[in-house]
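Colleague: Coordinates for the following, if possible.
(one chain, ligands or ions: 2)
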Amino acid sequence: MSVLVIGGAGFIGSNFVLDWLAQLSEQIINLDKLTYAGNLENLSSLENDARHVFVQGDLADRQLVDRLLVEYRPRAIVNFAAESHVDRSIHGPEDFIQTNIVGTFRLLEAVRAYWNGLPESEKKAFRFLHVSTDEVYGSLSKTDAPFAETHRYEPNSPYSASKAASDHLVRAWHHTYGLPVLTTNCSNNYGPYHFPEKLIPLMIVNALAGKSLPVYGDGMQIRDWLYVTDHCSAIRRVLESGRVGETYNIGGWNEKPNLEIVHTICALLDELRPKAEGTSYKTQITHVQDRPGHDRRYAIDARKIERELGWKPAETFETGIRKTVQWYLDHPEWVQRVQSGAYRDWVSKNYGARS
Ligand code: NAD
Ligand code: TYD
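Modeller: Ligands and ions are numbered 1, 2, ... in the order given. Reported below is the predicted structural model:
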């Protein structure tokens, strides 16, 4: 038995692969295009592990995906692959349309053909899990109830619009063709291997480098934070026991304004790596121009997954953020190789000599 993971060299995908193989013996086929966000070094501990098969390629490459499906006969697919950064989607939406919408469509078509050809028992057991975001629901006011699965879709950024489109495609492939799909919509993640273009890793890395900590606008935008391994455990639970065709919202009831996040990071760094001159990292905070169309608040109502599947996060924000700051302090070489771009040489360094 094997599972095809797509986008498993990114932030959440690599945490998912590492967690999976730490707990289960089932093989993972990992298809990833290795865009700037894919970092195979995250998975270097699996180099000699036959349970992990890495394939560099695009989820929109129908021939390649067809071949992998025939060769490995996965019992499930978990798709993480996406362009994921809102600011990049504002500067250049094209890749988001291509990967998140066209790519999902091509993948669904390949999977539909494969699934139709399976014997009845395998067909029944097969699952396609689509990893999505709470951003498809749009923005909440301070007093609105958190997003339930029934909240209407109101995406506001090119990123969230492209993810919303992919969610709709997945839904339609279930309703029209009977494909056994599951969709998860998760809140903001944080933790190890997070690319330092997103809020939490950027603030840690900039603080340590003595650079400014750029808070967009007033910094009172609210996000609902979940430690990445809790997202991974929720996905495993949905894959095991989720009802086909259903969507599950995933979150840890951890709403925080951005400024509070930045203050918490600074306080942890003041404790764990105090500056020689004795000043706080908070002095590096600057307010910069706001993001266009910036969503004010996201919040997840996670009662459905708690009630139906018995899932709960293991980390609180306090334990998760401390682990995260400590991880970045312990892995300066990872940060340095990401910042210099050296991580991109890893594939040729590691695989070039083998082929
Ligand atoms: P990421 O940007 O860190 O990683 C994306 C991965 O997908 C990379 O390894 C990249 O190389 C790969 N990829 C991109 N385009 C591809 C293509 N065309 N074919 C194959 N691989 C491709 O993203 P992430 O933060 O790990 O997010 C993973 C998924 O989870 C995304 O679908 C995202 O929308 C969703 N999500 C993310 C968060 C979050 O806070 N990061 C929260 C909820 C949901
Ligand atoms: P981000 O990590 O990009 O995730 P998303 O936009 O998908 O929620 O940003 C999280 C929040 O932090 C968001 O409100 C934008 C804000 N932010 C800053 O204030 N400064 C920054 O430099 C970045 C990258 C984000």
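Colleague: Report the buried residues of stretch 328-345.
Modeller: 328, 334-335, 337-338, 343-344 (16 or more other C-beta atoms under 10 Å). All C-beta atoms are positioned from the backbone trio N, CA, C, and that covers glycine.
Colleague: Could you see whether ligand 1 lies near it?
Modeller: No. With C-beta under 6 Å from any ligand atom as the criterion, ligand 1 is not reached by stretch 328-345; the gap is at least 10.8 Å.
Colleague: Show the average pLDDT along that stretch.
Modeller: Stretch 328-345 shows a mean pLDDT of 92.
Colleague: Show residues contacting it.
Modeller: With contact meaning C-beta atoms under 8 Å, 6 or more residues apart in numbering, stretch 328-345 is reached by 34, 36, 39-41, 192-193, 195-196, 201, 204-205, 208, 272-273.
Colleague: Of these, which ones also sit close to ligand 2?
Modeller: Okay, of these, nothing touches ligand 2 (C-beta under 6 Å from any ligand atom).
Colleague: from those, which would you call buried?
Modeller: Neighbour-count burial (16+ other C-beta under 10 Å) applied to the contacts of stretch 328-345 gives 34, 39-41, 192-193, 195-196, 201, 204-205, 208.
Colleague: Identify those among these that sit within helices.
Modeller: 201, 204-205, 208 (DSSP state H).
Colleague: In the chain, what helix or strand scores lowest on average pLDDT?
Modeller: Within the chain, confidence by mean pLDDT, DSSP states H and E is lowest for helix 346-351 among all helices and strands, at a mean of 64.
Colleague: OK, contacts around the nearest residue to residue 299 once chain neighbours are set aside?
Modeller: With sequence-adjacent residues excluded and distances taken as C-beta to C-beta, 6 or more residues apart in numbering, residue 299 is closest to residue 146, at 3.8 Å. Contacts for residue 146 (C-beta under 8 Å, 6+ apart) come out as 140, 224, 251, 299-301.
Colleague: Put the alpha carbons of the helix ranked longest in the chain into CSV.
Modeller: Identified as the longest helix of the chain according to DSSP H is helix 158-177. Output of helix 158-177 as CSV, limited to C-alpha atoms (Å, rounded to 0.1, in the frame of the first residue of the first chain):
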residue,chain,number,x,y,z
PRO,A,158,-5.9,36.1,-6.0
TYR,A,159,-4.5,33.3,-3.7
SER,A,160,-7.8,32.7,-1.9
ALA,A,161,-9.8,32.9,-5.1
SER,A,162,-7.6,30.3,-6.8
LYS,A,163,-7.9,28.0,-3.7
ALA,A,164,-11.7,28.5,-3.7
ALA,A,165,-11.8,27.6,-7.4
SER,A,166,-9.9,24.4,-6.6
ASP,A,167,-12.2,23.5,-3.8
HIS,A,168,-15.2,23.9,-6.1
LEU,A,169,-13.6,21.6,-8.7
VAL,A,170,-12.9,19.0,-6.1
ARG,A,171,-16.5,19.2,-4.9
ALA,A,172,-17.8,19.0,-8.5
TRP,A,173,-15.7,15.9,-9.3
HIS,A,174,-17.4,14.2,-6.3
HIS,A,175,-20.9,15.2,-7.2
THR,A,176,-20.7,14.6,-10.9
TYR,A,177,-18.3,11.7,-11.1
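Colleague: now the following helix or strand past it against helix 158-177, angle please.
Modeller: Sequence order places strand 181-186 as the next helix or strand after helix 158-177, per DSSP states H and E. Counting by axes from the mean of the first three to the mean of the last three C-alpha atoms, to 10 degrees, strand 181-186 points 160 degrees away from the direction of helix 158-177.
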